[in-house]
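Peer 1: Build me a model:
(one chain, ligands or ions: 1)
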Amino acid sequence: MKLMNGMEYVESLREYNPDIQVKGKKVTSVADEPLFKPGINAVAVTYELAHIDKHKDIMLATLPDGTKINRMNALDFSTDDLLKKLEATRLICKWTGCGQRYLMHDALGALAEITAMMDAEKKTDYFSVLKGYLHHVQKYDLTCGTAVTDPKGDRSKRPHEQENPDLYVRVVEKNHKGIVVRGAKANITGAPYMHEFIVLPTRAMKKEDVDYAVSFAVPVDAPGLRMIAKPAGRPDDAEAPFSSNYGQSTALIIFNDVFIPWDKVFLCGEWEYTGKLAEAFANHHRQSCIGARAGLGDMIIGASALMSEYNGAPHNEVSHIRRSMGELIRITEGFYATGVAAAVYGHKTMAGNYVPDSVQSNIGKWMLAEQVYDIFRIAHEISGGIVVTAPTAEDMALPESGDLINRYLGGKHGVTGNERIQMARFIEDLTASKEGGFYSVISLHGGGSPEAMRMSTVRNYDFESQKEHILHKLKCFAKLEGTCKDCVTCVNDELCEQEC
Ligand SMILES: Cc1cc2nc3c(=O)[nH]c(=O)nc-3n(C[C@H](O)[C@H](O)[C@H](O)COP(=O)(O)OP(=O)(O)OC[C@H]3O[C@@H](n4cnc5c(N)ncnc54)[C@H](O)[C@@H]3O)c2cc1C
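Peer 2: From the prediction side, this is the model:
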């Protein structure tokens, strides 16, 4: 099994020749494309962290034969694994903002659960296909983009009802060697610098949508696969201290009659399982989103604390700034706690892997989707207007204006204008720039829009046991009105059913 480091990952991209366009130009070498550099750096961090001794416990998983692999390529076999994946995701995102790779982890976990279920119930053989694919991913330490979101066209119509039949990925041909797929997937994180894609259905399909019920894996350079990508982060922007180094590209992926061999097909036509697969992915992925945004929260807390000190209104002395810092911590650790609960209350599937508790992971993703805007607002309140008004890098570079800026925009004793501006830019980059907008929207919609979380929370919540408990209580209270005063201390369901 390979355990690549960051540089090896970058070099491995040279073995692929994907058809990608960015800002109107065809990309000739992904590994050397400056517009993708922040994204490649971010994924490289997921490889690099697995080689750092103090992070190995969370960044590495152990296969049954004792081999160590990157946790992002592993299934979870205990609640402890679920917790470590959450911690690893937080660590990755504290370094990179978004490291993409947990998406793949989540897709593999969902596929294990649902392919095993289909095999048991429908006598298919998809779980062995998945196990073969998992081995392939682990053997080469691959990074796979996870392509779930279809363009969807008219949201009020089902896939087969759309005017354009290709607005959801569909099977257009089947033969003894495999299938041919057509359509597109939108908003796919990190697409240009992935090795392969794992494609999952985005919603529950009905019988009429049977051609759209499909899941498979495909290399990024498969014939007929084309990507129209956005730059990753803010490459080469001198005023973007963070996102000139780390950020994610997203892409529209077009499948123009792409052939997929059967040994990479995980579902084809079993429309009854598409909703289960989409939901299983969401369970895993919403827990990962919690870890990811906690990493972002960590960065904003650190930068806001420093900014308050630079401003001479330090968070540990000024009461309203202390309150604001408390809010930042409450929000970040509050939604993170639901990720921990999702791990602790996780359960085992038919495939033997573990899935996070769906109510907890949905609630956490729902909380962070809305509260990310509060995080940004509070960081702005603590930091002041300089977050968006700092003079440009060009003006700072000129000696005559640079000196003035340094002199007039300094903070408390010993903090120069340059230092304060550096911190302000960091906060602007994460919260108020084009990249700040990216972090808002990825928090809101990435992993599903808030309504999806509301629906999943309610769908998976155990209302029955809550209702039963109340009815039981009322029965006991009714008895209390009679002679049996002991009932008040009785918490035994069995005894309470007896006559007093
Ligand atoms: C930065 C970023 C990165 C992403 N990365 C990935 C990725 O790597 N892989 C991936 O697969 N996806 C990815 N996504 C996509 C993400 O999962 C979707 O954005 C999300 O599921 C919402 O879908 P949508 O964007 O099409 O919005 P829409 O579905 O159009 O939602 C817009 C609004 O319409 C509502 N709505 C939609 N349909 C209906 C309906 N039928 N009835 C009533 N209301 C409806 C929604 O609730 C929402 O309020 C990413 C998104 C972002 C922003």
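
Peer 1: Can you pull the residues of the stretch 51-200 of the chain lying near the ligand?
Peer 2: Residues of the stretch 51-200 of the chain found near the ligand (CB under 6 Å from any ligand atom) are Leu103, Thr146, Ala147, Val148, Thr149, Lys152, Arg155, Ser156, Asn187, Ile188, Thr189. (C-beta placed from N, C-alpha, C; glycine too.)

Peer 1: ranking the residues you listed by neighbours, who comes first?
Peer 2: In terms of neighbours by other CB atoms under 10 Å, these top out with Leu103 at 30 neighbours.

Peer 1: what's downstream of the host helix or strand of that one, the next helix or strand?
Peer 2: Per DSSP states H and E, Leu103 falls inside helix 102-122. Reading on from helix 102-122 to the C-terminus, the next helix or strand found by DSSP H and E is helix 126-140.

Peer 1: what packs against that following helix?
Peer 2: helix 102-122, strand 265-268 (3 or more CB pairs under 8 Å, 6 or more residues apart in numbering; DSSP states H and E).

Peer 1: neighbouring contacts of the last one?
Peer 2: In other words, strand 265-268. Contact with strand 265-268 is made by 111, 114-115, 118, 126, 129-130, 133, 171, 174, 178-179, 201, 213-217, 273-274, 277, as judged by CB atoms under 8 Å, 6 or more residues apart in numbering.

Peer 1: Only the buried subset of those residues, as a PyMOL command please.
Peer 2: In PyMOL, a selection of the buried entries from the contacts of strand 265-268 looks like this (16 or more other CB atoms under 10 Å):
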select buried, resi 111+114+115+118+126+129+130+133+171+178+179+201+213+214+215+216+217+273+274+277
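
Peer 1: mind putting the helices and strands packed on helix 126-140 in TSV, mean pLDDT included?
Peer 2: Shown next, in TSV, are those (pLDDT from 0 to 100):
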stretch	mean pLDDT
helix 102-122	98
strand 265-268	98
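
Peer 1: can you list these in CSV and add distance to Ile301?
Peer 2: Below are the helices and strands packed on helix 126-140 laid out as CSV (distance: least, CB to CB, whole Å):
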stretch, distance to Ile301
helix 102-122, 21
strand 265-268, 40
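
Peer 1: of all those, which lies closest to Met205?
Peer 2: Nearest to Met205, of all the helices and strands packed on helix 126-140, is strand 265-268, at 10.2 Å by CB to CB.

Peer 1: partners of that closest one, with directions?
Peer 2: Its sheet considered, strand 265-268 pairs with strand 214-219 (antiparallel) by DSSP bridges.

Peer 1: And for the residue lying closest to Asp166 once chain neighbours are set aside, the neighbour number?
Peer 2: Closest residue in space to Asp166, ignoring its immediate chain neighbours: Gly183 at 4.7 Å, by CB to CB, 6 or more residues apart in numbering. As a burial measure, Gly183 scores 25 neighbours (other CB under 10 Å).

Peer 1: Let's verify Gly183: helix, strand, or coil?
Peer 2: Of the three states, Gly183 takes strand under DSSP: H, G, I helix; E, B strand; the rest coil.

Peer 1: what bridges to it?
Peer 2: Applying DSSP bridges, one finds that Gly183 bridges with Phe255.

Peer 1: Go ahead and confirm it touches Tyr168.
Peer 2: Yes: with contacts counted by CB atoms under 8 Å, Gly183 reaches Tyr168, the gap being 5.9 Å.

Peer 1: Next, show the common contact partners of these two.
Peer 2: Asp150.

Peer 1: Dump the residues of the stretch 51-200 of the chain next to the ligand to TSV, plus secondary structure.
Peer 2: Shown next, in TSV, are these (three-state DSSP):
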residue	secondary structure
Leu103	helix
Thr146	strand
Ala147	strand
Val148	coil
Thr149	coil
Lys152	coil
Arg155	coil
Ser156	coil
Asn187	strand
Ile188	strand
Thr189	strand
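
Peer 1: nearest to Thr28, of the residues you listed?
Peer 2: Nearest member of those to Thr28, counting by CB to CB, is Ile188, at 21.0 Å.

Peer 1: Report the beta-bridge partners for the closest one.
Peer 2: Ala251.

Peer 1: How confident was the prediction at it?
Peer 2: The per-residue pLDDT reported for Ile188 equals 98.

Peer 1: ok, it - contacts?
Peer 2: Contacts of Ile188 (CB under 8 Å, 6+ apart): Gly145, Thr146, Ala147, Thr149, Phe197, Thr250, Ala251, Leu252, Ile253.

Peer 1: Check those residues and tell me the two furthest apart.
Peer 2: Thr146 and Leu252, at 14.9 Å, using CB to CB across the contacts of Ile188.

Peer 1: Spell out which parts of this protein neighbour the ligand.
Peer 2: Residues of the chain lying near the ligand (CB under 6 Å from any ligand atom): 103, 146-149, 152, 155-156, 187-189, 250, 438, 441-442, 445-449, 451.
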